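*Asks:* no sequence on hand, only this structure:
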């Protein structure tokens, strides 16, 4: 969380073809520990992750989803999302990509196509199973969400928030590698 908060730029790549850059300057990093320790506190179990809301209109590149999504479960064929100026301009792939496009178009909200979140999984005991509460927490994965981010410090108010999990990220914060595959380097 602290490293995300002090970072200005995030770059993430993976062997499947993901190559994204995010501006996160001035945004606060958040985390889920998988444990509620105070009365009234809630958390997702077994989700352990760090995440941040990128600056709107300043994410660019290609996201190749080879893990799962929060609405279709485990992907059957990789979903390729091209992002320009923070907006998903193309969503290609098989039936999962078609379902995602349909859901987003039905919202009739441009905000549903904006990048709302970037996060990394930190739970070494979790596995991708098609249940997003575990999938996005798997150590050795990262995720990007399209849609609403107002509850995590962003300014994009949208009708949806769809998470996309991808495997084996190489994560750099301001040019420093902090995660490669399943190994944290901080």
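*Replies:* Arrived safely, thanks for sending. A quick note: this is a predicted structure, and the numbers were derived from the prediction, not measured.
*Asks:* which residue is nearest the centroid of the chain?
*Replies:* residue 144 (2.0 Å; Cα atoms, centre = their mean).
*Asks:* so for the one helix or strand that residue maps to, what's the average pLDDT?
*Replies:* For residue 144, the host element (DSSP states H and E) is strand 141-147. For strand 141-147, mean pLDDT is 98.
*Asks:* I figured the residue nearest to the centre of the chain hits residue 136, correct?
*Replies:* No. The criterion here is Cβ atoms under 8 Å, and residue 144 misses it with residue 136 at 10.1 Å. For every residue, glycine as well, the C-beta is placed using N, CA and C.
*Asks:* overlap of the contact sets of the two?
*Replies:* Residues touching both residue 144 and residue 136 (Cβ atoms under 8 Å, 6 or more residues apart in numbering): residue 163.
*Asks:* residues contacting residue 55?
*Replies:* 22-27, 86.
*Asks:* show me the helices in this structure, by range?
*Replies:* Using DSSP state H, the helices of the chain run over 2-6, 95-106, 132-135.
*Asks:* now for the last one, which elements pack on it?
*Replies:* Secondary-structure packing of helix 132-135 (3 or more Cβ pairs under 8 Å, 6 or more residues apart in numbering; DSSP states H and E): strand 68-69, strand 161-167.
*Asks:* pLDDT of it, averaged?
*Replies:* 96.
*Asks:* going forward, count from 634.
*Replies:* In the new count, where the first residue is 634, that last one comes out as helix 765-768.
*Asks:* show me which residues of that helix are buried.
*Replies:* 765-768 (16 or more other Cβ atoms under 10 Å).
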